[in-house]
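Undergrad: Below are the sequence and a predicted model; questions follow.
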Amino acid sequence: MDLTLSPAEEAFRDELRSWLENNHPGHEPTGDEPGFQFRRDWQRKLQEAGWAGVSWPEDYGGRGATLIEQAIFNEEVVRARTPTPANVLGLAMGGPTVIAHGTEEQKRRYLAPILSAEEIWCQGFSEPESGSDLASVKTRAVRHGNEWVVTGQKVWTTLAHHAKWCMLVARTDAEAPKHKGLTYFLLDMEQDAVQVRPLVQITGEAEFNELFMEEARIPQENIVGGEGNGWAVAITTLMHERATLAFGLQVSLQIELGKLLEYAGQTRGGDGHVTSADPVIRQRLAQLMIESEVLRLNAYRSLSATMRSGVPGPEGSLGKWHWSEVNQALTELAMDISGPRALSANHDWAYRFLRARANSIEGGTTEILKNIVAERVLGLPRMR
């Protein structure tokens, strides 16, 4: 694995870094709606400059960037601390899935509004009683002529309250084996049969939602990848999600670790000494530095595997699982360093600690990711 960038890749990094320095939008405003509009404006600025969907084919509005250049992009936008684009799920998951499995008509219809953030996308996979077992979904889709009638419930649906389209997995054949009876739909969220209810988190935010469908209508042409092939299409979506996360997460962790090192050097404990002088604290900080470097190198190893195969593989699950554990350990250490200060409602590290509790659940639970790594990376026997 050669980590040396080519002259063209170095030029790509320099161009992007310069553009980000000159076009950074500043701090995101508080509040859901102001923050969302801020992120939408930022994505439009990215799109106008050719920085949205950088790895998408040029024919569909992308830049045609290589996998290495996509990784560079993910690193640099996190390093510059830019806002997350409003249509992040469309850019990172929906668009690549349509490119891989969609018809030419679907590509022409959906990809451009994803890039411009004109149409926001959400993901309708998880259900209240299905948990991480995607194949056991209960949401049903029954065909009536040239459309499908969908009834069911989804949960943890990020951006559903802003979304125009939902990447929906529903059961279309109750008699088929559970992995075979699924179909991948694009659901129009703007219909009376679709209701969205926010889920308030421990931090007080409501990033996630419940999604209710009561005889919602989906035209036949909104199936992606063919009837009954929903499992394979959904796996493509998930592989892109975890592959995209890897590089941004490892850079984000390095930034947070740098903040924690500085914080430990400025904060005094009950004995009057800075906490970074405590040998136990120093050992925990050192372990986090080691884990951060392992995370970085594994991200590159996963990228190398993707470059060989041409598509994201199960290795991305390892990066997400590892990051979840390290980020939670980092915020736990920050709370220990803070001591009584952590009880303050507006304490920054207290917020990060609370938000990190979701890391081992969102984007694939740690338990499921361990199964994926065991079975599909290490080749261990399938769990019964």
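TA: Great, that's in hand.
Undergrad: quick one, phi/psi of Tyr184?
TA: phi -100, psi 120 (degrees, to the nearest 10).
Undergrad: Isn't it up against Gly228?
TA: No. Counting by CB atoms under 8 Å, Tyr184 does not reach Gly228; the two are 9.9 Å apart. Where C-beta positions appear, they are placed from N, C-alpha and C, glycine not excepted.
Undergrad: Looking at these two, which is more packed in?
TA: Tyr184 (28 against 17; other CB atoms under 10 Å).
Undergrad: List the contacts of that one.
TA: Residues near Tyr184 by CB atoms under 8 Å, 6 or more residues apart in numbering: 97, 101, 167-169, 223-225, 229-230, 233-234.
Undergrad: same deal with Pro113?
TA: Contact analysis of Pro113 by CB under 8 Å, 6+ apart lists 119, 164.
Undergrad: Give me the buried positions along the helix or strand harbouring it.
TA: In this structure, Pro113 sits in helix 104-115 according to DSSP states H and E. Within helix 104-115, the residues that count as buried by 16 or more other CB atoms under 10 Å are 106-107, 109-115.
Undergrad: Identify the residue nearest Arg217 in space, chain neighbours excluded?
TA: Computed as CB to CB, 6 or more residues apart in numbering, the closest residue to Arg217 that is not its neighbour in sequence is Glu147, at 5.3 Å.
Undergrad: Can you tell me which helices and strands the lengthiest strand in the chain packs against?
TA: The residue-count maximum for a strand in the chain (DSSP state E) belongs to strand 208-219. If contacts are counted by 3 or more CB pairs under 8 Å, 6 or more residues apart in numbering; DSSP states H and E, strand 208-219 sits against strand 121-124, strand 147-155, strand 182-188, strand 194-199.
Undergrad: Near Pro219, how many other residues are there?
TA: 13.
Undergrad: so how far is Met289 from it?
TA: 53 Å (CB to CB, to the nearest Å).
Undergrad: Below-threshold pLDDT in the stretch 251-384 of the chain: ranges please.
TA: Scanning the stretch 251-384 of the chain for pLDDT under 70 picks out the ranges 309-312, 345, 383-384.
Undergrad: Quick check: Ala141 is in a helix.
TA: No. Counting by DSSP: H, G, I helix; E, B strand; the rest coil, Ala141 is not found in a helix; it is strand.
Undergrad: Give me the spatial nearest neighbour of it, chain neighbours excluded.
TA: Using CB to CB, 6+ apart, the closest residue to Ala141 is Ala170 (4.0 Å).
Undergrad: go on, Lys180?
TA: Using CB to CB, 6+ apart, the closest residue to Lys180 is Gly228 (6.2 Å).
Undergrad: for Leu260, same thing?
TA: In space, Leu260 comes closest to Ala334 once its chain neighbours are excluded; the distance is 5.6 Å by CB to CB, 6+ apart.
Undergrad: Which elements pack onto the host helix or strand of that neighbour?
TA: In this structure, Ala334 sits in helix 315-338 according to DSSP H and E. Judged by 3+ CB pairs under 8 Å, 6+ apart, helix 315-338 is in contact with helix 230-266, helix 279-309, helix 348-356, helix 366-372.
Undergrad: Now distance to Glu315 and pLDDT too, for the buried residues of helix 104-115, in a markdown table please.
TA: Shown next, in a markdown table, are the buried residues of helix 104-115 (distance: CB to CB, whole Å; pLDDT from 0 to 100):
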| residue | distance to Glu315 | pLDDT |
| --- | --- | --- |
| Gln106 | 28 | 98 |
| Lys107 | 27 | 98 |
| Arg109 | 32 | 98 |
| Tyr110 | 28 | 98 |
| Leu111 | 27 | 98 |
| Ala112 | 31 | 97 |
| Pro113 | 31 | 98 |
| Ile114 | 26 | 98 |
| Leu115 | 27 | 98 |
